[in-house]
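Participant: Build me a model from this:
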Amino acid sequence: MPKFSANLGFLWKELELPDAIRAAADAGFEAVECHFPYDVDPMAVKAALDQTGLPMLGLNTRVGDAEKGDFGVCALPGREDEAQRLIDEAFDYAAVIGCRAVHVMAGKSGGGDEAQNTFQSNVIYAAKRAATMDAVVLLEPINQRDAPGYHHSLIEETRSIIEAVGHENVKAMFDCYHLQISQGDLLTRLKDNLDIIGHIQIAAVPDRGEPDAGEVNYPWLLAELTALGYEGYMGAEYKPRVDTNTGIGWMQAYTS
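Facilitator: Modelled structure (predicted):
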(Lines give C-alpha, C1' and ligand atoms only; values in the text may rest on other atoms or scores of the structure.)
Protein backbone atom coordinates (compact mmCIF):
# COMPACT_ATOMS: atom_id res chain seq x y z
CA MET A 1 0.00 0.00 0.00
CA PRO A 2 1.42 3.45 -0.87
CA LYS A 3 2.59 5.79 1.87
CA PHE A 4 1.28 9.34 1.51
CA SER A 5 2.84 12.62 2.52
CA ALA A 6 0.76 15.78 2.85
CA ASN A 7 2.24 18.77 1.06
CA LEU A 8 1.41 21.62 3.40
CA GLY A 9 2.26 24.21 0.80
CA PHE A 10 -1.23 23.50 -0.59
CA LEU A 11 -3.09 21.51 2.09
CA TRP A 12 -4.57 23.15 5.21
CA LYS A 13 -3.22 26.51 4.10
CA GLU A 14 -5.68 28.23 6.44
CA LEU A 15 -3.77 26.81 9.42
CA GLU A 16 -0.41 27.77 10.86
CA LEU A 17 2.21 25.22 9.83
CA PRO A 18 2.42 23.43 13.21
CA ASP A 19 -1.38 23.05 13.26
CA ALA A 20 -1.36 21.87 9.65
CA ILE A 21 1.11 19.14 10.65
CA ARG A 22 -1.29 18.01 13.35
CA ALA A 23 -4.22 18.07 10.90
CA ALA A 24 -2.25 15.90 8.47
CA ALA A 25 -1.61 13.36 11.23
CA ASP A 26 -5.29 13.32 12.18
CA ALA A 27 -6.23 12.72 8.52
CA GLY A 28 -4.02 9.63 8.30
CA PHE A 29 -0.98 10.94 6.42
CA GLU A 30 2.28 9.22 7.30
CA ALA A 31 4.57 12.18 6.55
CA VAL A 32 4.49 15.85 5.61
CA GLU A 33 6.42 18.17 3.30
CA CYS A 34 6.23 21.89 2.69
CA HIS A 35 7.28 24.72 0.40
CA PHE A 36 8.58 27.79 2.26
CA PRO A 37 8.37 27.46 6.06
CA TYR A 38 10.80 30.29 6.80
CA ASP A 39 8.36 32.68 8.49
CA VAL A 40 7.53 30.03 11.10
CA ASP A 41 9.71 29.37 14.14
CA PRO A 42 11.49 26.08 13.31
CA MET A 43 11.27 24.99 16.94
CA ALA A 44 7.46 25.20 16.75
CA VAL A 45 7.56 23.06 13.62
CA LYS A 46 9.88 20.57 15.29
CA ALA A 47 7.56 20.37 18.31
CA ALA A 48 4.59 19.51 16.07
CA LEU A 49 6.64 16.89 14.22
CA ASP A 50 7.79 15.36 17.49
CA GLN A 51 4.23 15.37 18.85
CA THR A 52 2.75 13.64 15.81
CA GLY A 53 5.69 11.42 14.93
CA LEU A 54 5.52 12.53 11.30
CA PRO A 55 8.75 13.11 9.36
CA MET A 56 9.14 16.31 7.36
CA LEU A 57 10.32 14.98 4.00
CA GLY A 58 11.33 18.14 2.21
CA LEU A 59 11.19 21.90 1.77
CA ASN A 60 12.13 24.34 -1.01
CA THR A 61 14.69 27.07 -1.35
CA ARG A 62 13.00 30.46 -1.54
CA VAL A 63 11.89 31.66 -4.98
CA GLY A 64 13.75 34.99 -4.78
CA ASP A 65 11.73 38.13 -5.56
CA ALA A 66 8.28 36.80 -6.44
CA GLU A 67 6.95 40.29 -7.18
CA LYS A 68 9.50 40.56 -10.00
CA GLY A 69 8.58 37.13 -11.34
CA ASP A 70 11.27 35.00 -9.70
CA PHE A 71 10.50 31.31 -9.32
CA GLY A 72 13.87 30.26 -8.00
CA VAL A 73 17.29 31.83 -8.61
CA CYS A 74 19.79 28.97 -8.69
CA ALA A 75 20.11 28.88 -12.50
CA LEU A 76 20.26 32.65 -12.92
CA PRO A 77 23.72 33.93 -13.87
CA GLY A 78 24.91 36.82 -11.73
CA ARG A 79 22.90 35.77 -8.68
CA GLU A 80 25.19 33.04 -7.40
CA ASP A 81 25.78 34.68 -4.01
CA GLU A 82 22.04 35.02 -3.45
CA ALA A 83 21.47 31.43 -4.54
CA GLN A 84 24.03 30.10 -2.10
CA ARG A 85 22.55 32.17 0.74
CA LEU A 86 19.14 30.67 0.01
CA ILE A 87 20.61 27.17 -0.13
CA ASP A 88 22.31 27.72 3.23
CA GLU A 89 19.07 29.09 4.70
CA ALA A 90 17.14 26.02 3.54
CA PHE A 91 19.62 23.54 4.98
CA ASP A 92 19.93 25.49 8.24
CA TYR A 93 16.15 25.32 8.67
CA ALA A 94 16.05 21.66 7.62
CA ALA A 95 18.71 20.78 10.18
CA VAL A 96 16.65 22.20 13.05
CA ILE A 97 13.45 20.34 12.14
CA GLY A 98 15.11 17.08 11.11
CA CYS A 99 14.24 17.39 7.42
CA ARG A 100 16.50 15.41 5.07
CA ALA A 101 15.75 16.88 1.64
CA VAL A 102 15.86 20.33 0.05
CA HIS A 103 14.40 21.12 -3.37
CA VAL A 104 16.80 23.56 -5.03
CA MET A 105 14.66 25.76 -7.27
CA ALA A 106 16.35 26.59 -10.56
CA GLY A 107 14.23 29.52 -11.69
CA LYS A 108 13.11 30.90 -15.04
CA SER A 109 16.45 31.04 -16.81
CA GLY A 110 15.12 30.42 -20.30
CA GLY A 111 17.88 27.83 -20.77
CA GLY A 112 21.29 28.16 -22.35
CA ASP A 113 24.81 27.07 -21.47
CA GLU A 114 25.53 29.90 -19.03
CA ALA A 115 22.40 29.16 -17.04
CA GLN A 116 23.16 25.44 -17.11
CA ASN A 117 26.68 26.01 -15.80
CA THR A 118 25.34 28.33 -13.10
CA PHE A 119 22.75 25.81 -11.99
CA GLN A 120 25.18 22.91 -11.94
CA SER A 121 27.64 24.95 -9.86
CA ASN A 122 24.93 25.84 -7.35
CA VAL A 123 23.68 22.26 -7.19
CA ILE A 124 27.23 21.10 -6.42
CA TYR A 125 27.35 23.71 -3.64
CA ALA A 126 24.05 22.34 -2.29
CA ALA A 127 25.24 18.73 -2.57
CA LYS A 128 28.32 19.48 -0.51
CA ARG A 129 26.21 21.23 2.12
CA ALA A 130 23.74 18.33 2.14
CA ALA A 131 26.55 15.85 2.68
CA THR A 132 27.40 17.46 6.03
CA MET A 133 23.99 16.41 7.40
CA ASP A 134 23.34 13.20 5.43
CA ALA A 135 20.66 14.95 3.38
CA VAL A 136 19.51 14.94 -0.23
CA VAL A 137 19.23 17.64 -2.88
CA LEU A 138 16.09 17.37 -5.01
CA LEU A 139 15.75 18.80 -8.53
CA GLU A 140 12.25 19.08 -9.97
CA PRO A 141 11.37 19.47 -13.65
CA ILE A 142 8.49 21.96 -13.77
CA ASN A 143 6.20 22.31 -16.77
CA GLN A 144 6.41 25.29 -19.10
CA ARG A 145 2.67 25.94 -19.06
CA ASP A 146 2.64 26.82 -15.36
CA ALA A 147 6.16 28.29 -15.24
CA PRO A 148 7.21 29.57 -18.68
CA GLY A 149 10.97 29.72 -19.03
CA TYR A 150 11.69 27.38 -16.12
CA HIS A 151 15.21 26.00 -16.46
CA HIS A 152 14.36 22.29 -16.70
CA SER A 153 11.00 20.79 -17.58
CA LEU A 154 11.77 17.28 -18.84
CA ILE A 155 12.93 14.37 -16.70
CA GLU A 156 15.72 13.70 -19.21
CA GLU A 157 17.02 17.26 -18.67
CA THR A 158 17.01 16.68 -14.94
CA ARG A 159 18.87 13.40 -15.37
CA SER A 160 21.53 15.17 -17.44
CA ILE A 161 22.04 17.73 -14.67
CA ILE A 162 22.27 15.01 -12.03
CA GLU A 163 24.81 13.07 -14.08
CA ALA A 164 26.84 16.21 -14.77
CA VAL A 165 27.15 17.23 -11.12
CA GLY A 166 28.20 13.70 -10.15
CA HIS A 167 27.04 13.66 -6.51
CA GLU A 168 25.09 10.64 -5.29
CA ASN A 169 22.97 12.75 -2.94
CA VAL A 170 21.39 14.70 -5.84
CA LYS A 171 18.08 13.17 -6.91
CA ALA A 172 15.05 13.98 -9.04
CA MET A 173 11.68 14.96 -7.67
CA PHE A 174 9.25 13.29 -10.08
CA ASP A 175 6.06 15.33 -9.95
CA CYS A 176 3.48 13.40 -11.94
CA TYR A 177 1.38 16.53 -12.51
CA HIS A 178 4.22 18.48 -14.10
CA LEU A 179 5.56 15.56 -16.13
CA GLN A 180 2.17 14.48 -17.42
CA ILE A 181 1.75 18.00 -18.81
CA SER A 182 5.30 18.17 -20.17
CA GLN A 183 5.71 14.64 -21.48
CA GLY A 184 3.13 12.03 -20.50
CA ASP A 185 3.91 8.28 -20.66
CA LEU A 186 4.48 8.41 -16.90
CA LEU A 187 5.06 4.74 -16.20
CA THR A 188 7.78 4.43 -18.83
CA ARG A 189 9.49 7.56 -17.55
CA LEU A 190 9.26 6.31 -13.98
CA LYS A 191 10.77 2.95 -14.99
CA ASP A 192 13.57 4.62 -16.94
CA ASN A 193 14.49 6.99 -14.12
CA LEU A 194 13.72 5.09 -10.94
CA ASP A 195 17.44 4.98 -10.14
CA ILE A 196 17.63 8.76 -9.76
CA ILE A 197 14.21 9.46 -8.21
CA GLY A 198 14.31 10.74 -4.65
CA HIS A 199 10.64 11.63 -4.25
CA ILE A 200 7.36 11.38 -6.18
CA GLN A 201 4.45 13.81 -6.06
CA ILE A 202 0.89 13.44 -7.33
CA ALA A 203 -2.08 15.62 -8.31
CA ALA A 204 -4.87 15.46 -10.85
CA VAL A 205 -4.21 16.64 -14.39
CA PRO A 206 -5.17 19.13 -15.69
CA ASP A 207 -6.77 20.92 -12.69
CA ARG A 208 -4.14 19.98 -10.06
CA GLY A 209 -6.93 18.96 -7.70
CA GLU A 210 -7.25 15.80 -5.63
CA PRO A 211 -5.68 12.79 -7.40
CA ASP A 212 -9.00 11.06 -8.02
CA ALA A 213 -9.96 12.38 -11.46
CA GLY A 214 -8.53 13.62 -14.72
CA GLU A 215 -5.97 12.15 -17.11
CA VAL A 216 -3.91 10.03 -14.70
CA ASN A 217 -5.20 6.74 -13.26
CA TYR A 218 -3.33 6.93 -9.97
CA PRO A 219 -4.61 3.68 -8.42
CA TRP A 220 -3.19 1.82 -11.42
CA LEU A 221 0.01 3.89 -11.64
CA LEU A 222 0.86 3.59 -7.95
CA ALA A 223 0.19 -0.15 -8.00
CA GLU A 224 2.64 -0.44 -10.89
CA LEU A 225 5.19 1.60 -8.96
CA THR A 226 4.84 -0.69 -5.96
CA ALA A 227 5.39 -3.68 -8.24
CA LEU A 228 8.59 -2.01 -9.47
CA GLY A 229 9.83 -1.90 -5.90
CA TYR A 230 9.38 1.79 -5.11
CA GLU A 231 9.13 2.11 -1.33
CA GLY A 232 9.19 5.88 -0.91
CA TYR A 233 6.36 8.24 -0.08
CA MET A 234 3.89 9.75 -2.51
CA GLY A 235 3.69 13.48 -1.93
CA ALA A 236 0.11 14.75 -2.16
CA GLU A 237 0.89 18.14 -3.71
CA TYR A 238 -2.52 19.12 -4.99
CA LYS A 239 -4.77 22.18 -4.71
CA PRO A 240 -8.05 21.16 -3.06
CA ARG A 241 -11.05 21.79 -5.28
CA VAL A 242 -13.10 22.97 -2.27
CA ASP A 243 -11.02 22.64 0.88
CA THR A 244 -8.64 20.02 2.25
CA ASN A 245 -11.05 18.29 4.62
CA THR A 246 -13.85 18.10 2.02
CA GLY A 247 -11.64 16.35 -0.52
CA ILE A 248 -9.57 14.09 1.69
CA GLY A 249 -11.67 11.00 0.90
CA TRP A 250 -9.52 10.22 -2.15
CA MET A 251 -7.15 8.26 0.09
CA GLN A 252 -9.85 5.71 0.85
CA ALA A 253 -9.16 4.02 -2.50
CA TYR A 254 -5.77 2.95 -1.13
CA THR A 255 -6.75 2.02 2.43
CA SER A 256 -10.11 0.24 2.03
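Participant: contact partners of the helix or strand hosting Ile21?
Facilitator: In this structure, Ile21 sits in helix 17-27 according to DSSP states H and E. Residues outside helix 17-27 that contact it (Cβ atoms under 8 Å, 6 or more residues apart in numbering) are 6, 8, 11-13, 15, 32, 34, 37, 40, 44-45, 47-49, 51-54, 56, 244-245, 248, 251. Just so you know, the C-beta spots here come from the backbone N, C-alpha and C atoms, and that holds for glycine as well.
Participant: from those, which ones fall inside strands?
Facilitator: When strands are assigned by DSSP state E, the members of the contacts of helix 17-27 inside them are Ala6, Val32.
Participant: Separate out the buried members of the contacts of helix 17-27.
Facilitator: Listed as buried from the contacts of helix 17-27 are 6, 8, 11-12, 32, 34, 37, 40, 44-45, 48-49, 52, 54, 56, 244, 248, 251; burial here means 16 or more other Cβ atoms under 10 Å.
Participant: Now do Leu196: how many residues are near it, please.
Facilitator: Rather than Leu, residue 196 is Ile. Residues lying near Ile196 (other Cβ atoms under 10 Å) number 17.
Participant: Please name the nearest non-neighbouring residue to it.
Facilitator: Sequence neighbours aside, Ala172 is the residue nearest to Ile196 in space, at 5.0 Å (criterion: Cβ to Cβ, 6 or more residues apart in numbering).
Participant: can you check Val123 too?
Facilitator: Val165 is the one closest to Val123 (Cβ to Cβ, 6+ apart), at 5.0 Å.
Participant: Distance of the one you found relative to Asp243?
Facilitator: 40 Å (Cβ to Cβ, to the nearest Å).
Participant: what's the answer for Val63, then?
Facilitator: Going from Val63 to Asp243 by Cβ to Cβ gives 25 Å.
Participant: Next: Gln51.
Facilitator: Distance of Gln51 to Asp243, given as Cβ to Cβ: 24 Å.
Participant: same thing with Tyr125?
Facilitator: 39 Å.
Participant: what do you get for Ile124?
Facilitator: As judged by Cβ to Cβ, Ile124 and Asp243 stand 41 Å apart.
Participant: which one of Val63 and Asp243 has more residues nearby?
Facilitator: A direct count of neighbours by other Cβ under 10 Å for Val63 and Asp243 places Val63 higher, at 17 against 12.
Participant: Spell out which residues sit in contact with Ala253, please.
Facilitator: With contacts defined as Cβ under 8 Å, 6+ apart, the neighbours of Ala253 are Asp212, Pro219.
Participant: Repeat the analysis, applying 10 Å as the threshold.
Facilitator: Pro211, Asp212, Tyr218, Pro219, Leu222 (Cβ atoms under 10 Å, 6 or more residues apart in numbering).
Participant: quick one: which two of those are the most distant?
Facilitator: The span of these, defined through Cβ to Cβ, is set by Asp212 and Leu222 at 12.2 Å.
Participant: out of the two, which sits in the busier spot?
Facilitator: With other Cβ under 10 Å as the criterion, Asp212 and Leu222 differ in neighbour count, and Leu222 comes out ahead with 21 against 16.
Participant: what's the closest non-adjacent residue to the more buried one?
Facilitator: In this structure, Leu222 finds its nearest non-sequential neighbour in Pro2, 4.9 Å apart by Cβ to Cβ, 6+ apart.
Participant: Was I right to think the one you found contacts Thr226?
Facilitator: Yes. Look at Pro2 against Thr226 with Cβ atoms under 10 Å: they come within range, at 6.8 Å.
Participant: how near is Ala236 to Leu222?
Facilitator: Taken as Cβ to Cβ, the spacing of Ala236 relative to Leu222 amounts to 12 Å.
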